[in-house]
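S.K.: kindly return the folded structure for what I paste below:
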Amino acid sequence: MAVLIEPSLLAPKPAKRRDHRPDIEGLRAVAVLAVLAFHAAVPGLAGGFVGVDVFFVISGYLITGQLLREAAESGRIRLAEFFSRRARRLLPSAGLVLGVIALAGVWFTAPLHRADTEYDVLAAALSVANWRFVAQQTDYLAAGRDPSPLLHFWSLAVEEQFYLVWGPLLALLVLAVAARRLRAAVVVLAAVVGLGSFGLSLGWTHGSVSLAYLGTPSRAWQFAAGALLAALPAGWLPRALRLVAGWAGLAAVGWSVLAYDAQTPYPGVAALAPTLGTAAVIAAGSELRYGVGRLLGIRPARAVGRLSYNLYLWHWPVLVFAEGRFGTLGWPVKVALTMAAALPAYAALRWVERPLRTNPVVAELPRRGLSLGLGAVVVPVVLALVVGTGTLRLLGVGTPVDLAGLPPGAADGGSLLVQQAGMKVTGAVVPTPVQARKDFPPDGECEVAPTTVTSPPCLAGPGSGADRIVLLGDSHAGQWYSAVLAIAAQRHWGVEELVKQGCPLPELTVTNPQLGRTYRECDTWRADSLARLAHEAKPRLIVIASLNRYTDDRDLLLRAWEKTLTPLRAIGAPIVYLKDTPIPGTDVPACVSGHTEDPGACEFARHAAQWPDPLAEGHLPGVTTVELNSVLCPGSGRSCPAVLERILLYRDDAHLTNTAVVVLTPRLERLLGAAGLLGGGWTTLLREDFDGPAGGRPPAERWQYDLGTCYPGCPAAQWGTGEAETMTDSTENVRLDGKGALELVPTRSTDGKWSSGRIETRRADFVAPAGGLLRIEASIALPDVTGAKAGGYWPAFWTLGGGLRQGYSGWPGVGEIDAMEAVGGKGSVFGTFHCGTATGGPCQEPKGLGSGEVPCASCGGGFHTYAVEVDRSTSPEQLRWYLDGKEYHRVTAAAIDPAAWDQAVHHGHFLLLNLAMGGGLPDAFGSPLTAATEPGHAMRIDYVAVSSRQ
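M.R.: Sure thing, here's the model as predicted:
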């Protein structure tokens with residue numbers, strides 16, 4: 001650092017002002033180095049933010065001391081001279097930084113960030129930056145934006161606002177109080193101001209941390225502490241105590257830097273340590289031989305102290321612009337950049353601040369200093385207005401999106417929008433980046449703020465009572481409001497919204513960044529919302545969603561979800577979980593504003609955007625999962641798009657734009673309808689949730705066992721496929737798990753014989769009505785086993801034509817629809833249709849018309865939804881297979897002989913669930929049953945549902 005300091009700064013001054021305190025210059029060095037270390041994220045120095053507290057106390061001491069000396073010498077305080085001195089001292093350097101930032105934004109920031117920066121320049125130039133940042137920091141909906149390069153100007157604004165009040169107060173006090181009593185009066189005034197401000201600080205720290213941290217009223221007590229010291233008479237503290245107090249004070253400041261971090265409630269009580277520590281150092285003085293002042297007064301420390309103001313001004317913009325251009329930087333790079341900021345800081349000190357502050361012509365008359373200060377304000381204001389106006393013109397108007405003019409969203413398939421012949425996706429993105437900033441769901445005050453503990457009555461739409469959908473969760477639930485409202489309106493239902501910002505729906509204890517403390521309001525709100533639902537009429541559907549990043553502890557998250565789901569299940573309404581959407585982790589509209597012609601530059605990493613989601617994987621029963629991520633982040637590449645088919649998907653770093661949600665509405669409606677959750681024409685033919693005690697059996701009135709190695713009469717030994725197991729009705733092989741799931745478990749006896757489970761519905765009349773649809777669905781977790789241990793495993797969910805039960809013959813002509821099969825733990829599944837004759841024929845038997853292997857690495861151990869639809873509403877008729885709502889296979893009647901199609905499809909079917917061991921299919925896939933195969937790995941079924949629609 002020494003090479004950056006002007007040599008004359010290191011030399012002793014020929015004459016010292018009587019108020020000069022070399023130890024305070026050194027104390028400034030301690031303060032600025034602490035702040036710089038904090039901003040550079042130096043390990044172990046996370047409490048460096050207390051350096052600002054040190055500056056506040058020093059400022060209160062020095063400024064009050066100057067005013068009191070002036071009053072003692074002249075009998076009055078010349079406010080014009082006071083503000084002129086401050087203007088000459090502070091505003092030229094600040095104005096230079098503001099002007100540079102106003103211009104630098106053109107090169108270093110995206111247009112949307114540039115507009116924000118120019119507003120910040122205006123606020124900083126007018127000394128109200130702290131209140132602008134209070135508004136932004138307390139605004140949950142503004143979260144996720146990159147930090148402002150002028151965020152550090154909050155402390156300068158606080159200081160100027162304090163002295164706009166403190167200077168005139170002291171001037172009035174001089175007029176009202178006798179000279180001999182002035183210091184005592186100032187002590188009383190400082191004590192009153194300090195105690196009142198400290199009380200506000202304590203209250204706001206526990207109510208709104210941003211207001212407490214950035215607000216002038218809650219920081220005034222630190223200036224008052226310095227002012228109190230300045231007003232106390234000389235020698236008020238004995239020499240021995242001064243010696244101890246000085247070192248103890250410096251130790252308190254150092255301890256704060258080392259012990260505090262982002263989790264420390266601040267300022268509050270914690271601010272006492274650095275504030276009183278600084279006061280103790282100042283009270284100790286600089287003349288004690290072994291006092292702390294001797295250490296602080298060494299030349300290097302004083303040199304850094306003299307540079308501290310300009311170094312404080314320059315270092316933060318350097319760091320912000322660097323990270324804005326190059327991404328997140330490590331702390332060593334930040335330290336290097338901070339050191340580099342000493343160059344412009346020193347240049348500003350030598351060629352701007354010092355010449356203007358000491359210029360005799362400027363200092364001669366107060367109005368000249370004030371004019372200089374005014375110029376230092378006007379120039380950056382003008383620059384900000386010019387650059388900001390041009391930026392706003394470039395960004396375009398921010399009027400709301402015309403939702404009626406949006407292209408229609410696709411209900412299925414791999415495209416976001418309905419694809420038409422010859423369609424080309426061109427034109428500007430919708431919404432524009434500036435529109436996206438405000439593209440929120442139209443739910444008004446229903447999405448409650450962090451400080452609110454209960455939701456207001458928020459019921460929209462025509463329905464009430466039972467005819468409503470409940471939307472429950474945090475802002476990641478709230479983002480779906482428009483889609484849920486549209487779906488409900490189609491059915492003349494209402495929507496009850498219970499949504500709280502930043503509040504996890506699973507019962508987790510978290511810290512709220514806006515409040516800066518444990519989010520107690522969230523716990524209260526969650527309990528109140530669940531109690532409210534328990535006493536209201538049962539709704540048609542409960543839609544839940546929540547950010548999936550409140551914790552990465554999988555077990556803790558599952559336990560937290562279970563605590564919330566238990567009372568929800570007791571309501572008795574269907575529960576659907578909207579899987580959490582991808583999290584970009586970066587300000588998407590700002591990025592797109594700088595890449596309007598190439599929005600692909602704003603893509604973000606897939607692995608970081610989508611976290612494992614145990615609830616979506618079906619680890620808790622009684623919940624149907626619906627996901628749209630396969631559309632929002634299509635394919636299997638390394639990145640997810642920010643803009644898809646010209647639709648700007650995100651309004652910030654984590655939430656969908658309302659436009660994207662509107663476009664996704666048809667798809668969400670189809671998925672909910674296909675799951676039998678919307679009624680409206682769908683008739684539930686079967687819904688089995690496998691509730692019951694652990695070790696229980698599936699309900700006998702709906703299910704029957706297949707036993708042995710073949711159907712009665714053994715028309716086909718070993719079930720016709722060469723399987724090795726014997727099917728039993730033992731609870732060793734077929735049992736309820738007591739948590740809402742059925743388990744089919746293969747076992748092996750000591751003599752090497754295999755047993756397993758196979759059940760089928762008693763009903764054999766599940767058929768698609770003429771002109772309608774039949775949907776067969778199950779949520780299944782495949783056996784969690786791979787490699788040689790999985791050899792011969794063959795789980796399946798399928799149907800057979802009801803005619804087979806008339807003598808158990810006629811396969812495959814009666815029809816077989818395999819909704820899901822898997823073999824050998826390969827991380828893949830497939831669907832197949834069998835029909836016609838046993839060899840060859842329209843379905844190419846015995847192979848059948850299959851999908852081939854569909855990758856699903858997480859299907860082993862995790863619940864996934866497998867479904868098949870028989871659609872007789874289209875021409876030609878279709879069979880469609882779905883994995884987690886995404887179609888992966890289709891067979892149409894046009895490809896099948898009409899008679900064979902009629903025989904296989906137009907008659908009733910029954911459902912089967914089984915876990916076979918060995919046989920022709922595992923052998924064909926190279927996963928035969930061997931001695932290495934490990935028994936005991938269950939196929940788990942959460943639910944089975946059959947529904948039809950005319």
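
S.K.: what is the end-to-end distance of stretch 897-914?
M.R.: Terminal residues of stretch 897-914 lie 30 Å apart, using CA to CA, to the nearest Å.

S.K.: near the closest residue to S749 other than its chain neighbours, how many other residues are there?
M.R.: Nearest non-adjacent residue to S749, counting by CB to CB, 6 or more residues apart in numbering: S755, 7.3 Å away. For glycine as for every other residue, the C-beta is placed from the backbone atoms N, C-alpha and C. Residues contacting S755 under the criterion other CB atoms under 10 Å number 19.

S.K.: phi, psi of S755?
M.R.: Main-chain dihedrals, S755, degrees, to the nearest 10: phi -130, psi 150.

S.K.: and the one 3 residues further on, by the same measure?
M.R.: With angles defined as degrees, to the nearest 10, R758 sits at phi -150, psi 120.

S.K.: and for T596?
M.R.: Phi and psi for T596, reported as degrees, to the nearest 10, are phi -60, psi -30.

S.K.: okay, now the unreliable bits of the stretch 601-750 of the chain?
M.R.: 679-682 (pLDDT under 70).

S.K.: poorly predicted segments of this protein, please.
M.R.: 1-19, 138-145, 420-426, 462-463, 679-682, 950.

S.K.: okay, which residue is most central for it?
M.R.: By CA atoms, centre = their mean, the mean C-alpha position of the chain lies nearest to A654, the distance being 5.3 Å.

S.K.: check which helix or strand A916 maps to.
M.R.: Assigned by DSSP states H and E, A916 falls within strand 909-917.

S.K.: for that strand, packing partners?
M.R.: Here strand 909-917 touches strand 742-744, strand 754-756, strand 758-761, strand 793-801, strand 939-949, going by 3 or more CB pairs under 8 Å, 6 or more residues apart in numbering; DSSP states H and E.

S.K.: how close does the residue nearest to S749 get to Q718?
M.R.: Distance, S755 to Q718, using CB to CB, to the nearest Å: 14 Å.

S.K.: what of G919?
M.R.: In terms of CB to CB, G919 sits 7 Å off from Q718.

S.K.: so which bits of stretch 473-486 are buried?
M.R.: Residues of stretch 473-486 classed as buried under the neighbour-count rule (16 or more other CB atoms under 10 Å) are 473-486.

S.K.: equivalent analysis for stretch 569-589, please.
M.R.: Result for stretch 569-589 [16+ other CB under 10 Å]: buried residues 569, 571, 573-584, 586-589.

S.K.: then stretch 784-803?
M.R.: Within stretch 784-803, the residues that count as buried by 16+ other CB under 10 Å are 785-786, 789-803.

S.K.: chain center to that stretch, what's the gap?
M.R.: Relative to its parent chain, stretch 784-803 has a centroid offset of 39 Å by CA atoms, centre = their mean, to the nearest Å.

S.K.: if we can go back for a sec, now render the buried residues of stretch 473-486 as CSV, adding secondary structure and distance to A125.
M.R.: Formatted as CSV, the buried residues of stretch 473-486 follow (DSSP: H, G, I helix; E, B strand; the rest coil; distance: CB to CB, whole Å):
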residue, secondary structure, distance to A125
G473, strand, 42
D474, coil, 37
S475, helix, 34
H476, helix, 38
A477, helix, 41
G478, helix, 37
Q479, coil, 36
W480, coil, 42
Y481, helix, 39
S482, helix, 40
A483, helix, 44
V484, helix, 45
L485, helix, 44
A486, helix, 46
